[in-house]
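[1] Below: sequence and its predicted model.
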Amino acid sequence: MTIRVAVLGALGRMGREVCRAVDNAPDLDLVAQLDAGDDLGDLGGADVAVDFTVPDATLGNVQHAISRGVHAVVGTTGWDEGRLDSVRSALAAAPGTGVLIAPNFALGAVLTMKFAAEAARFYESAEVVELHHPNKVDAPSGTAMRTARMIAEARRDAGLPAAPDATESSMDGARGADVDGVPVHAVRLRGLVAHEEVLFGAVGETLTLRHDSFDRVSFMPGVLIGVRNVGSRPGLTVGLDHYLDL
Ligand SMILES: NC(=O)C1=CN([C@@H]2O[C@H](COP(=O)(O)OP(=O)(O)OC[C@H]3O[C@@H](n4cnc5c(N)ncnc54)[C@H](OP(=O)(O)O)[C@@H]3O)[C@@H](O)[C@H]2O)C=CC1
Ligand SMILES: O=C(O)C1=N[C@H](C(=O)O)C[C@H](O)C1
C-alpha cells in the first residue's frame, strides 16, 4: 500500500532532502510540499506529515496533523516536557494516531546516544561537544541535549555523584551549558554539517564517541523508517531508537 506523505518545511535544507527521498521511494507518494506562510489545510490528504521546520512552529504543526488524524514524523528541535505533554493531550483525542519525534534520524547518532548511555556509569566525568554548520538557529543541538540527559539518567541510576570540577572562576560560557549536570559545548563552523563527540574520563583513561553527518542524506534512512512505521505505532514516541528496538 502506498503511503501519502506531506513535507512541512519543504523549502528548507532538510525538507528538500526529505522531498527527494520520498520522491525516490516507490512505496511513498509526495502529496504536499508546504513551507512558511502556507495554509496547511488538509495536508494534501496525506497519511503522514514530516516536519522539519523551526522550533516555534513545530508544535502547532503537529497539533494540526493530529486534529486531522494524520500521523507525524518530526525532526525539528526545541521540544521540552511541556510541549511533549501538549502532544500527548492532543493524541488523547485521536487514539489511532502516531507521532514520532526524534532529535536525530542518522543511525550512527542514534547508536552514539545508546552507547553513551551504556558507558556513562563507568566514568567519573562526561561532557558533550556538538559541532554544526553556522546557519543552525538553536544551541545546544537537540541531539546533544538528549545525549546529555541520557548520560545524566544513567549516572543517577548508578548512584554516581556530580563529576569533579574545581573551577572557581570562569568566563561566561567557558564550561558550556549545564544540561542536567552534564556540560554541553556548541561549536558553529563553516564547512560542518552535524557532528557530536561524547567524552568520558576516569583515572588514567578517556573514551571518546564521535559521530559525523557529512551530508543530510545521512538522515534519510531513519526518516523513511519513521514514515513507514509511524502508522502502526499510535501515541507519542520520542527517539528513533524505539523503532529500531535498540
Ligand atoms: N532530527 C534530525 O535528524 C534533524 C533535525 N534537524 C532539525 O530540523 C529543523 C530544520 O532544520 P533545517 O532544515 O536545517 O532548517 P531550515 O531553516 O533550512 O528549514 C526550515 C524550513 O521551515 C520553514 N518554516 C518555518 N516556519 C514554518 C511553518 N510554520 N510551516 C512550514 N514551514 C515553516 C522555513 O521557512 P523560512 O526560512 O521562510 O522561515 C524553512 O524553509 C531544525 O530544528 C533542525 O535542528 C536538522 C537535521 C536533522
Ligand atoms: O540543525 C541541524 O543541522 C541539526 N539538528 C538536529 C539537532 O539539533 O540535534 C540534528 C542534527 O544534529 C542536525
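    Arrived safely, thanks for sending. Numbering: from 1, shown residues only. Ligands and ions are numbered 1, 2, ... in the order given.

[2] Can you give the strand pairings for the helix or strand residue 33 falls within, parallel or anti for each?
    Using DSSP states H and E, residue 33 falls within strand 28-34. Paired neighbours of strand 28-34 in the sheet (DSSP bridges): strand 3-8 (parallel).

[3] For stretch 16-35, list every residue counted as buried.
    Buried residues in stretch 16-35, counted by 16 or more other CB atoms under 10 Å: 16-19, 21-22, 25, 28-34. Just so you know, the C-beta spots here come from the backbone N, C-alpha and C atoms, and that holds for glycine as well.

[4] now do stretch 111-131
    112-114, 116-117, 119-120, 123, 125-131.

[5] any idea where the helices of this protein begin and end?
    With DSSP state H, the ranges of helices along the chain come out as 13-23, 55-67, 81-92, 107-119, 142-157, 220-229.

[6] Show me what the shortest one is packed up against.
    Translated: helix 220-229. strand 3-8, helix 13-23, strand 48-51, strand 71-74, helix 107-119 (3 or more CB pairs under 8 Å, 6 or more residues apart in numbering; DSSP states H and E).

[7] what about the second one and ligand 1, touching?
    Yes - contact of helix 13-23 with ligand 1 (CB under 6 Å from any ligand atom) involves 13-15.

[8] right, and the helices and strands packed on helix 220-229 - which one's nearest residue 207?
    Residue 207 sits nearest to helix 107-119 of all the helices and strands packed on helix 220-229, at 6.0 Å, using CB to CB.

[9] Now do the nearest residue to residue 222 once chain neighbours are set aside, the pLDDT please.
    Closest residue to residue 222 apart from its sequence neighbours, by CB to CB, 6 or more residues apart in numbering: residue 105 at 3.1 Å. pLDDT for residue 105: 98.

[10] Does residue 223 touch residue 105 like I think?
    Yes - counting by CB atoms under 8 Å, residue 105 is a contact partner of residue 223 at 4.9 Å.

[11] shared neighbours of those two, which are they?
    Common contact partners of residue 223 and residue 105 (CB atoms under 8 Å, 6 or more residues apart in numbering): residue 75.

[12] picking that back up, show residues contacting the strand holding residue 33.
    Contacts of strand 28-34 (CB under 8 Å, 6+ apart): 2-11, 15, 19, 22-23, 40, 43-46, 224, 227.

[13] Now a ChimeraX select for only the buried ones of those residues.
    For the buried members of the contacts of strand 28-34, the matching ChimeraX selection, counting by 16+ other CB under 10 Å, is:
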select :3,4,5,6,7,8,9,10,15,19,22,40,43,44,46,224,227
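
[14] So for stretch 64-77, mean pLDDT?
    98.

[15] How far does that stretch sit from its chain's centre?
    Chain-centre distance of stretch 64-77: 15 Å, with CA atoms, centre = their mean, to the nearest Å.

[16] what about that stretch and ligand 2, touching?
    Yes - figure legend: stretch 64-77 in contact with ligand 2 (CB under 6 Å from any ligand atom); contacting residues residue 77.

[17] Show me which positions of that stretch end up buried.
    Residues of stretch 64-77 classed as buried: 64-66, 70-77 (neighbour count, 16+ other CB under 10 Å).

[18] now swap in stretch 167-176 and tell me
    For stretch 167-176, by 16+ other CB under 10 Å, it's residue 176.

[19] Thanks again, I'm all set now.
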